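> Kindly return the folded structure for what I paste below:
(chains A and B)
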2 protein chains.
Amino acid sequence: MLNDLGLDTSVVILGSGGVATSLARALDDTVGYSVRQIYSPHLAHAEALAGKLAVAEAIDRVEDMMPDADIVIISVTDDAVAQLVASLTPRSDTLWLHTSGSLPASVLAPLGPRYGVLYPLQTFSRSREVRMARVPIFIEASTEEAMVTLRRLADSLSDTVHEADSERRRRLHVAAVFACNFANHLWAIADDLLTADDLSFDVLVPLLKETLEKAADDNPSDGQTGPARRGDRSVMEAHQAMLSPANAEIYRLLSQSIISRYDFL
Amino acid sequence: MLNDLGLDTSVVILGSGGVATSLARALDDTVGYSVRQIYSPHLAHAEALAGKLAVAEAIDRVEDMMPDADIVIISVTDDAVAQLVASLTPRSDTLWLHTSGSLPASVLAPLGPRYGVLYPLQTFSRSREVRMARVPIFIEASTEEAMVTLRRLADSLSDTVHEADSERRRRLHVAAVFACNFANHLWAIADDLLTADDLSFDVLVPLLKETLEKAADDNPSDGQTGPARRGDRSVMEAHQAMLSPANAEIYRLLSQSIISRYDFL
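Numbers count the residues shown, from 1 in each chain, chains lettered A, B, ... in the order given. Coordinates of the predicted model:
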């Protein structure tokens, strides 16, 4: 659809997973952008997503890609990007983007001079709708001119857009591994402990939601609580004695890290 | 206020911190219960809380406690409970309760035959309202008859009430340390990493909220993602090289724990 500048930017999305689905649906609602094609090697997947959009065609062969798309977004697994890039026809007028936090922008250089990264910092799945406007997006472009196009696209999708080159994206990824992947694993360990006691993870959810709200409103460090924060060694020792050796080692190391942090404040 | 059985149970709350505040306000809204006194050694603290309630009197001397309260809830720090118990006059008709996850119920035995624990699994602060109905409450009582009174009280406050003796409460506490205290510390580490990069913890919050929603809807183990879950050793090694020795050790140990968990599935 046309925006108030009279622009209608055509977009092709290669991929049909969680990120591709959320991006396609958000772009479909954005004035000035038309999602014209969805590619997946599995036509049924492409059709399932295209069916949710206004005018998109489903394709399962990259040869069927429209030759003059303004923007092509490659949103497949990291491992699949290189092979897909090798199968595409280079074009200098297209802005080529991928959505990976880990891959450098330069993997797209074979496709033409205008390329970049649009990395939404969120966990996506096909079955859960995510409000893209709330998702922080990190962008990188090969040229200043490409950045103008990319910035306009990202600002249309999200209220929070930051520029981040490959190095900065990697540091962001490390932070996300601690905050998201490792925290989730600690929840899995807690779930194991509760299940052994005929309780479920559900009993912890209100506490975790409130803890996260506090961390978000203020900051995580000020909200730290627990035996290690209080330096309560008798409780810490009793807890470790109740755990498997592997979990006791995690308990010991994280408690030591907490003690070190607050001892020096 | 009277409930439909014509009961009006008088409650005295000793303490004015986060737990005391949330309990007092929830009970004040509960038919059948009247919060009659709030005690704090700091009269201003007692007055601040009593002022938010329908009919409560603020006191700063335990000698001024009404002699015939049906229920007395001791909600002070663990360290302060023993001293407070020693200063109270025993009474066999009163149900004496504390709200600690760590202390055994028996610390209240000197006060009479009817005692127990009402432990709300949540993090409380004076300044943040918490909807008590959503907070899981764990209860323990000295006698079956005391349990009837305690169960009625807990069911009035929360939709989720479980019985838990001191041992079960301790195991629950260990699970909460992993899920809440340790996860919060990982968020603090992530915050440090982001701050060094001129970013703020805010950029991770939408990701963390979605990760927690997924863990709550399904379970944390099924939702695990990240380099360790994928067994991506080159990414894990690159990440550790970017970290301080102490944080690299945490990264290594938690990654190993994730790999061990999913290798065996």
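> all strands for chain A, in order.
Ranges of strands in chain A, per DSSP state E, are A:9-14, A:33-39, A:57-59, A:71-74, A:95-98, A:115-120, A:137-141, A:161-163.
> deepest of those strands, which one?
Stretch with highest mean neighbour count among the strands of chain A: strand A:95-98 (a mean of 28; mean count of other CB atoms under 10 Å in any protein chain shown). All C-beta atoms are positioned from the backbone trio N, CA, C, and that covers glycine.
> what pairs with that strand, and is each one parallel or antiparallel?
Counting by DSSP bridges, the strands paired with strand A:95-98 are strand A:71-74 (parallel), strand A:115-120 (parallel).
> Looking at the strands of chain A, which is nearest to B:A146?
Among the strands of chain A, strand A:115-120 comes nearest to B:A146, with 54.3 Å by CB to CB.
> so how far is the closest one off the chain centroid?
Relative to its parent chain, strand A:115-120 has a centroid offset of 11 Å by CA atoms, centre = their mean, to the nearest Å.
> can you list contacts of it?
Residues outside strand A:115-120 that contact it (CB atoms under 8 Å, 6 or more residues apart in numbering or on different chains) are A:19, A:22-23, A:73, A:95-101, A:103, A:105, A:108-109, A:132, A:135-142, A:146-147, A:150, A:153-154, A:157-158, A:164, A:166, A:169.
> Quick check: A:M65 vs A:T149, distance?
Distance, A:M65 to A:T149, using CB to CB, to the nearest Å: 19 Å.
> I misspoke; the intended subject was A:A215.
For A:A215, the distance to A:T149 (CB to CB) stands at 36 Å.
> So which of the two has more stuff around it?
Neighbour count, other CB atoms under 10 Å in any protein chain shown: between A:A215 and A:T149, A:A215 has more, with 25 against 18.
> Please look at the more buried one and B:F201 and confirm they touch.
Yes: counting by CB atoms under 8 Å, A:A215 touches B:F201, with 7.0 Å between them.
> joint contacts of these two?
Contact criterion CB under 8 Å, 6+ apart; residues shared by A:A215 and B:F201: B:W187.
> List phi and psi for A:P67.
Note on A:P67: its backbone torsions stand at phi -80, psi -20 [degrees, to the nearest 10].
> Quick check: it touching A:R91?
Yes: with contact defined as CB under 8 Å, A:P67 and A:R91 form a contacting pair (7.2 Å).
> need the residues of the stretch 51-200 of chain A near chain B, please.
Proximity of the stretch 51-200 of chain A to chain B, by CB under 8 Å from any CB of the partner chain, involves residues A:102, A:121-123, A:125, A:128, A:130, A:134-136, A:160, A:162, A:168, A:170-191, A:193-194, A:196-197, A:199.
> Which PyMOL command selects the buried ones in those residues?
Burial among these is assessed by 16 or more other CB atoms under 10 Å in any protein chain shown; the matching PyMOL selection reads:
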select buried, chain A and resi 121+122+123+130+135+136+160+162+168+170+171+172+173+174+175+176+177+178+179+180+181+182+183+184+185+186+187+188+189+190+191+193+194+197+199
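> can you tell me which of the residues of the stretch 51-200 of chain A next to chain B are in helices?
Among these, the members falling in helices (DSSP state H) are A:168, A:170-176, A:183-191, A:193-194.
> Show me the residue of the stretch 1-150 of chain A that gets nearest to chain B, please.
Going by CB to the nearest CB, chain B is nearest to A:P136 of the stretch 1-150 of chain A, at 4.4 Å.
> Please tabulate the strands of chain A in TSV and include mean pLDDT and distance to B:R229 as additional columns.
Listed next are the strands of chain A as TSV, based on pLDDT from 0 to 100; distance: least, CB to CB, whole Å:
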stretch	mean pLDDT	distance to B:R229
strand A:9-14	98	25
strand A:33-39	97	27
strand A:57-59	98	31
strand A:71-74	98	23
strand A:95-98	98	21
strand A:115-120	97	19
strand A:137-141	98	22
strand A:161-163	96	26
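> ok so, going back, so can I have a markdown table of the strands paired with strand A:95-98 showing distance to A:V81?
Output for the strands paired with strand A:95-98, formatted as a markdown table (distance: least, CB to CB, whole Å):
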| stretch | distance to A:V81 |
| --- | --- |
| strand A:71-74 | 6 |
| strand A:115-120 | 11 |
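> And these: which comes nearest A:L243?
It's strand A:115-120; of those, that one is closest to A:L243 (CB to CB) at 37.1 Å.
> For the stretch 101-250 of chain A, which residues score under the pLDDT cut-off?
The model of the stretch 101-250 of chain A has no residue with pLDDT under 70.
> For A:G6, report the pLDDT, please.
We have a pLDDT of 61 for A:G6.
> One more: A:A54?
93.
> The closest residue to it other than its chain neighbours: what's it in contact with?
Nearest non-adjacent residue to A:A54, counting by CB to CB, 6 or more residues apart in numbering or on different chains: A:D28, 5.6 Å away. When contacts are counted by CB under 8 Å, 6+ apart, A:D28 touches A:35, A:52-54, A:56.
> now with 6 Å?
Neighbouring residues of A:D28 by CB atoms under 6 Å, 6 or more residues apart in numbering or on different chains: A:35, A:53-54.
> now swap in A:S16 and tell me
Applying CB under 6 Å, 6+ apart to A:S16 gives the contacts A:40, A:45-46, A:49.
> Now restrict the residues you listed to buried residues only.
For the contacts of A:S16, a burial check counting by 16+ other CB under 10 Å picks out A:40, A:45-46, A:49.
> how many other residues sit next to A:D222?
If you count neighbours by other CB under 10 Å, A:D222 ends up with 9.
> ditto for the one 3 residues further on
Counted with other CB under 10 Å, the neighbours of A:T225 add up to 15.
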